[in-house]
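Engineer: have a look at this prediction, sequence included:
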Amino acid sequence: MSEKFDLPHQSDMVPQKLELGAEIQFSCHKGISCFNACCKQADLTLTPYDVIRLKDHLGMSSADFLKEHTAPYQMDQDGLPGIKMRTDDSGACLFVTDEGCSVYENRPTACRYYPLGHMAMKPKDANSDEAHYFLISEDHCKGHFEDKKQTINEYRKELGIVDYDGYNKEWLQIILKKKSAGPTVGRPPESSLQLFFMASYDMDRFRRFVMSEQFRKTYNIDESTYEILEKEDVALMQFGVRLMKQVFFGERTVAEQKDAWEKRVEERKEVWDMRRDAEISRKQKEDDEKYKDA
Ligand code: SF4
Ligand code: SF4
């Protein structure tokens, strides 16, 4: 069984697995003594949907958001690129204020979940993964001593997690599948890892790539789809997930142009021939100089 733990904040706790119907006792509100304590030690992994919501909230381009608010890290041993929210030197989230979260309505998935953690597990012979949850009980968090009780399902609805999960699911499947496939998929080439980064987090750059002449020559996509991808970030993000499943696992859902590979080889051939000729003439020149000196 393979699994992915998605711990929202730094924690040494050993998680205890909970199902959707399990009841938890917890409440977080502005009057609580520990208000903001969790945001002052924030270790947040961002999903592509988190990035879209946050950059739109801040009115920033995806490139500027990535530069100013995120730090890269590797999600697995093959260097699959992930991003974390940047913090200040003390570990505090850059969006925390005395009044609370300044991006509250668009805060990331992990913030919505806390103090719940989410765990996607794929039993060996199953077709799809299963969601499990665990409760993180840290000393600084006093919400566990409040009276409010609700099921995990109710908690997810109240905190707007259901929508976020819907948008994150397919992308998280890529990470889970890559992890569970292990060496059978192997280390993707550097260009595929770069494509994954762009298709996951940098929507503006990915859009330019998808709308380019070269992309159109390679993939056979109808004009109405291009019109949607040109305007809508979420649709573009979902398209990126399909493309990456095709690139990493060969799941063919994005139609390719007929003979696209052969045409690319044909186009490149001229360049390769020119490079080879240039290399031969450079070598000849070098030899001529050598013999002249001798
Ligand atoms: S984004 Fe908001 S909720 Fe999340 S850690 Fe930062 S301040 Fe806290
Ligand atoms: S109750 Fe927990 S989640 Fe709420 S502010 Fe306090 S530490 Fe953060």
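Structural biologist: Nice, thanks for sending it over. Residues are numbered from 1 along each chain as shown. Ligands and ions are numbered 1, 2, ... in the order given.

Engineer: contacts, neighbours, all on C-alpha from now
Structural biologist: OK.

Engineer: which secondary structure elements does the longest helix along the chain sit against?
Structural biologist: Counting by DSSP state H, the longest helix found in the chain is helix 260-293. Under the contact criterion of 3 or more Cα pairs under 8 Å, 6 or more residues apart in numbering; DSSP states H and E, helix 260-293 touches helix 213-218.

Engineer: just the C-alphas of the helix it packs on, formatted as PDB.
Structural biologist: Output in PDB follows, covering the C-alpha atoms of helix 213-218 (Å, rounded to 0.1, in the frame of the first residue of the first chain):
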ATOM      1  CA  GLU A 213       2.700  27.300 -32.900                       C
ATOM      2  CA  GLN A 214       5.000  24.500 -31.800                       C
ATOM      3  CA  PHE A 215       2.300  23.100 -29.400                       C
ATOM      4  CA  ARG A 216      -0.400  23.300 -32.100                       C
ATOM      5  CA  LYS A 217       1.900  21.400 -34.500                       C
ATOM      6  CA  THR A 218       2.300  18.600 -31.900                       C
END
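
Engineer: which other residues reach it?
Structural biologist: Identification of contacts with helix 213-218 by Cα atoms under 8 Å, 6 or more residues apart in numbering yields 209-210, 256-257, 260-261.

Engineer: the residue nearest to residue 254 when sequence neighbours are not counted and residue 45: what is the separation?
Structural biologist: Excluding its sequence neighbours, the residue lying closest to residue 254 (Cα to Cα, 6 or more residues apart in numbering) is residue 243, at 6.5 Å. Here residue 243 is placed at a distance of 22 Å from residue 45 (Cα to Cα, to the nearest Å).

Engineer: what of residue 20?
Structural biologist: Distance from residue 20 to residue 45, by Cα to Cα: 22 Å.

Engineer: rewinding a little: could I get the contacts of helix 213-218 as CSV with distance to ligand 1?
Structural biologist: Below are the contacts of helix 213-218 laid out as CSV (distance: Cα to the nearest ligand atom, whole Å):
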residue, distance to ligand 1
209, 30
210, 30
256, 40
257, 42
260, 44
261, 44
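
Engineer: would you turn those residues into JSON lines with neighbour count and distance to residue 249?
Structural biologist: Below are these laid out as JSON lines (neighbours: other Cα atoms under 10 Å; distance: Cα to Cα, whole Å):
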{"residue": "209", "neighbour count": "16", "distance to residue 249": "21"}
{"residue": "210", "neighbour count": "19", "distance to residue 249": "20"}
{"residue": "256", "neighbour count": "16", "distance to residue 249": "15"}
{"residue": "257", "neighbour count": "15", "distance to residue 249": "19"}
{"residue": "260", "neighbour count": "15", "distance to residue 249": "19"}
{"residue": "261", "neighbour count": "13", "distance to residue 249": "18"}
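
Engineer: now these as CSV including pLDDT and distance to residue 200?
Structural biologist: Shown next, in CSV, are the contacts of helix 213-218 (pLDDT from 0 to 100; distance: Cα to Cα, whole Å):
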residue, pLDDT, distance to residue 200
209, 98, 13
210, 98, 13
256, 91, 21
257, 90, 24
260, 72, 24
261, 65, 25
